[in-house]
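K.L.:
A structural model of the following input is requested.
(3 chains)
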Amino acid sequence: MQKHLVYSKDLTKADYDEILRRFNHFVKNGISPDLCRGKVVSTLFFQPSTRTMNAFQSGILRLGGGWIGVMGEEGLSMEKGESFEDTIREYSCFSDLIVLRHPDDDSAERAAKVSFVPVLNGGSGSREHAVAAPWVLMAMEYYLKRPIQGIKIGIYGTPEINRVTKAMMPIFGMFGMDVVIDDLGHFPLPKDIEEKSKENGLKGLRYDKLENFIGDVDILFLTRGLQKGIIPPDKFPKEKEELILKSYKPITEKMRQDAILYMLKPRIFEVELDAEQDPRVAHVKKEPYAELGAALITYYLGIKI
Amino acid sequence: MQKHLVYSKDLTKADYDEILRRFNHFVKNGISPDLCRGKVVSTLFFQPSTRTMNAFQSGILRLGGGWIGVMGEEGLSMEKGESFEDTIREYSCFSDLIVLRHPDDDSAERAAKVSFVPVLNGGSGSREHAVAAPWVLMAMEYYLKRPIQGIKIGIYGTPEINRVTKAMMPIFGMFGMDVVIDDLGHFPLPKDIEEKSKENGLKGLRYDKLENFIGDVDILFLTRGLQKGIIPPDKFPKEKEELILKSYKPITEKMRQDAILYMLKPRIFEVELDAEQDPRVAHVKKEPYAELGAALITYYLGIKI
Amino acid sequence: MQKHLVYSKDLTKADYDEILRRFNHFVKNGISPDLCRGKVVSTLFFQPSTRTMNAFQSGILRLGGGWIGVMGEEGLSMEKGESFEDTIREYSCFSDLIVLRHPDDDSAERAAKVSFVPVLNGGSGSREHAVAAPWVLMAMEYYLKRPIQGIKIGIYGTPEINRVTKAMMPIFGMFGMDVVIDDLGHFPLPKDIEEKSKENGLKGLRYDKLENFIGDVDILFLTRGLQKGIIPPDKFPKEKEELILKSYKPITEKMRQDAILYMLKPRIFEVELDAEQDPRVAHVKKEPYAELGAALITYYLGIKI
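P.N.:
Below is the predicted model:
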């Protein structure tokens, strides 16, 4: 049966390990343009994307193949009334892999039902961004430069409304990680995500103030949405504004020297660039996006690496 | 002189045979990415398209080349006032082949006049969709799995306003086919198309009710436009609504076991999926789009296969 | 340090010579698709472009690589509020080279500051179109078919508001050229451009009426903007209208047989096609765009030719 990535839980620990192995291979040896000659990836982004879309386009190009795709619905026969399902089925005839982002919560699931090729969910409504799970794992291992099994994770921000965090938590569980969250007092994880993560093997999960755990973590994630507009105004924590909006320094000066600060992009508010030269601030470094894309593409196409 | 595909009649029977030969070669042996390395196809779609545009993009990618192009006029210097002719001439400098869709009836003809490379007409206004002719021939042979010379074709729908049907009829003539049409009592072929088709060698052409010929045909084509909105309201045949809008079954249960049902997509109205598992319903199968594109691309680039 | 092309003056005479050498190599020998396998060019066009964007897309495809990119801001995370700098930095992670057009005068400079890969300025506001400098040099050598050192250039039109002319003048200086301008009495070069050009070695610079120098020049450039709308209405030279708007003939019949007429495209107003068969009217010929793009791409990627 055709393998899809609709939910982050569609992959087992062994699958994640295999994807990490491919990623590390590409980081170390480069990406050979002989691996996917003549292969085609469809990037179907009915909603805006910079990172997810381009990582797959860049990945397949470095592998020696090419991409076709859409941004928005403009230019498609969907304008003439063609259904979403028929559109997906057609793209699955044109290509070997579909990467999809669509505003409907059930879009990736519906796409997987009609597609002749693997569908990777790069964001379906607010529910899930399944691609984010292997993606963030790879980024973690890349910046930490050590195995990620059992490490200590801090999360600062809005896990409740951040779909990347929600996709990651059960996977953090698989890797036996220990998670501490400062949710600004307002944005805890949904209960079912907490439970799933523990069931998967999470070493620990607690809520605390950032200053109490910042010195302990291997990686601190900052979520999107730490600004007025995305966060409901009545929930925006006035006392945190200064810390978040102006500088990374209050955070980085308390972090361990071998720890990593990673913002789940895009970042919307402007922060001072003061800390961007800090080698521990990872998300402004040259990111291994093509390698991330290439690891997932070759995995789902069954290309031997 | 530069060869273009402005009208389906620009190709002879021998040309169509050669294109079919290439298509069958690709279906049987796959598409080698060594055939078009460094070649560039321009897909210039000033109007929406899913199938035609992507079949050529997918085709050239599988052949080892790449595509450039436009969807709509956005982003082009045409926004600054550059003429259609100058735009086409420029794209003919960037690439080896142009595939064009444009709302003006004479667009493909005008493009062919100024282009330095072959122009393939993928839809010029309501007049012609020349690419559809070799395209549908290839699809027919693919699904029937037998030679298409002299077969019996049924058409159900609106030939009068369906540009694919109009492009196909003279070619059905070249292949000595026998055509029966149920035009819902309202949408007969234009007279000049009928005449051209007979002149080309059509074995027969008559109008009848679907139930009278459905058991005889090798292929039944359903045209687009069998819904309110596209068909003028006063012409929409009330008595047919039930048959068309809800199910393929009343059609397929009377078809021969070795016959094919093919809808000229996009389909707009929703039909029940009851008959989609029927192996004779071809247009929901995995379609050989890249092979279709690759056959036409290699033919017009003069690549030896 | 990373090399960028923000201003045409970022390249020395030796750099321009090397780019010309590469261009001539590609014109003579074709472009090998082995040169850039797996390489990726980002074409980021926040404003419309036909020529610049496609020359780079076509160039990298012929070199065996591929492109990713944007047209307008639609579909980008910039819609969600991501900054220009963060967007550029991300694209510099996806690709090996960025070609940029953006309405802000300082856009290319800002992009170069954050990019991990070379940024080529294909138009930053009204200030500069740095890519135009090597581009026009290559076109001049291509059509003249003789070395361009020390030749005589005529310019007819609006140098004051034409960013290509402003980019070219200092380079004309480097090549010891002799420039005569008919600015329609209204559109002289900015003083700083004049000075820079002389400093660089310009043989001569004077203003005169076209009829007085048309018989002498090796190349006559016509600038864009010779029409109502772009030129302020009070400055539009009534007496020139007839000459420009209807025909090339009054110009070409006074040109030398070995001279070249080149319009800096896009041309907006319609001219009679009477002179387009004239071998000296270069800008309607099959232009070597992919070779132009390939020369710049391989130069900035440090690919040995």
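K.L.:
name the residues of stretch A:58-77 that are buried.
P.N.:
Neighbour-count burial for stretch A:58-77 flags A:58-71, A:75-77 (criterion: 16 or more other CB atoms under 10 Å in any protein chain shown). C-betas here are computed from N, CA, C, even on glycine.
K.L.:
same question but for stretch A:150-167, I mixed them up
P.N.:
Buried-residue list, stretch A:150-167, by 16+ other CB under 10 Å: A:151-167.
K.L.:
same thing with stretch A:10-24?
P.N.:
So, applying 16+ other CB under 10 Å, buried residues of stretch A:10-24: A:L11, A:Y16, A:E18, A:I19, A:L20, A:R22, A:F23, A:N24.
K.L.:
save the residues you listed as TSV, and put in pLDDT too.
P.N.:
What follows is the buried residues of stretch A:10-24, written out as TSV (pLDDT from 0 to 100):
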residue	pLDDT
A:L11	95
A:Y16	96
A:E18	97
A:I19	97
A:L20	97
A:R22	98
A:F23	97
A:N24	97
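K.L.:
in the sheet, who's paired with the closest residue to chain C within the stretch 51-200 of chain A?
P.N.:
Closest contact between the stretch 51-200 of chain A and chain C, by CB to the nearest CB, is at A:M71 (3.4 Å). In this structure, A:M71 bridges to A:F45 when assessed by DSSP bridges.
K.L.:
get me the contact residues on chain A for chain C.
P.N.:
Counting by CB under 8 Å from any CB of the partner chain, chain A comes close to chain C at A:31-33, A:45, A:48-51, A:53-55, A:57-58, A:61-64, A:66-67, A:71-72, A:265-268, A:270, A:284, A:286-290.
K.L.:
out of those, which are buried?
P.N.:
A:31, A:33, A:45, A:48-51, A:53-55, A:57-58, A:61-64, A:66-67, A:71, A:265-268, A:284, A:287-290.
K.L.:
quick one: pLDDT of the residue of the stretch 151-300 of chain A found nearest chain B?
P.N.:
Among all residues of the stretch 151-300 of chain A, A:I297 sits closest to chain B, at 14.0 Å; criterion: CB to the nearest CB. On the pLDDT scale, A:I297 is placed at 98.
K.L.:
that one and A:S42 touch, don't they?
P.N.:
No - using CB atoms under 8 Å, A:I297 makes no contact with A:S42, being 11.6 Å away.
K.L.:
quick check: neighbours shared by these two?
P.N.:
Both A:I297 and A:S42 are in contact with A:L97, where contact means CB atoms under 8 Å, 6 or more residues apart in numbering or on different chains.
K.L.:
ok, the closest residue to A:V180 other than its chain neighbours - contacts?
P.N.:
Distances taken as CB to CB, 6 or more residues apart in numbering or on different chains place A:F213 nearest to A:V180, at 4.5 Å, with adjacent residues excluded. Counting by CB under 8 Å, 6+ apart, A:F213 makes contact with A:G154, A:V180, A:D182.
K.L.:
what does A:Y91 give?
P.N.:
A:S42, A:L44, A:I68, A:I98, A:S115, B:T50, B:N54 are the contacts of A:Y91 under CB under 8 Å, 6+ apart.
K.L.:
ramachandran angles for the nearest residue to A:D278 once chain neighbours are set aside?
P.N.:
In space, and not counting its chain neighbours, A:D278 is closest to A:T252: 5.3 Å by CB to CB, 6+ apart. With angles defined as degrees, to the nearest 10, A:T252 sits at phi -70, psi -30.
K.L.:
picking that back up, which of the contacts of A:F213 sits closest to C:F172?
P.N.:
Distance to C:F172, by CB to CB, is smallest for A:G154 among the contacts of A:F213, at 59.3 Å.
K.L.:
would the closest one count as being in a helix?
P.N.:
No - per DSSP: H, G, I helix; E, B strand; the rest coil, A:G154 lies outside any helix segment and is strand.
K.L.:
quick one on the thing from earlier: restricted to helices, list the buried residues of stretch A:150-167.
P.N.:
Judged by DSSP state H, these include A:R163, A:V164, A:T165, A:K166, A:A167 as members of helices.
K.L.:
by pLDDT, give me the weakest of these.
P.N.:
Within these, pLDDT is lowest for A:R163, at 81.
K.L.:
ok, and does the strand or helix carrying A:R101 reach over to chain B?
P.N.:
Element membership for A:R101, per DSSP states H and E: strand A:97-102. No - applying CB under 8 Å from any CB, one finds strand A:97-102 out of contact with chain B, separated by at least 12.1 Å.
K.L.:
my read is A:V180 is in a helix, agree?
P.N.:
No - assigned with three-state DSSP, A:V180 falls outside any helix and is strand.
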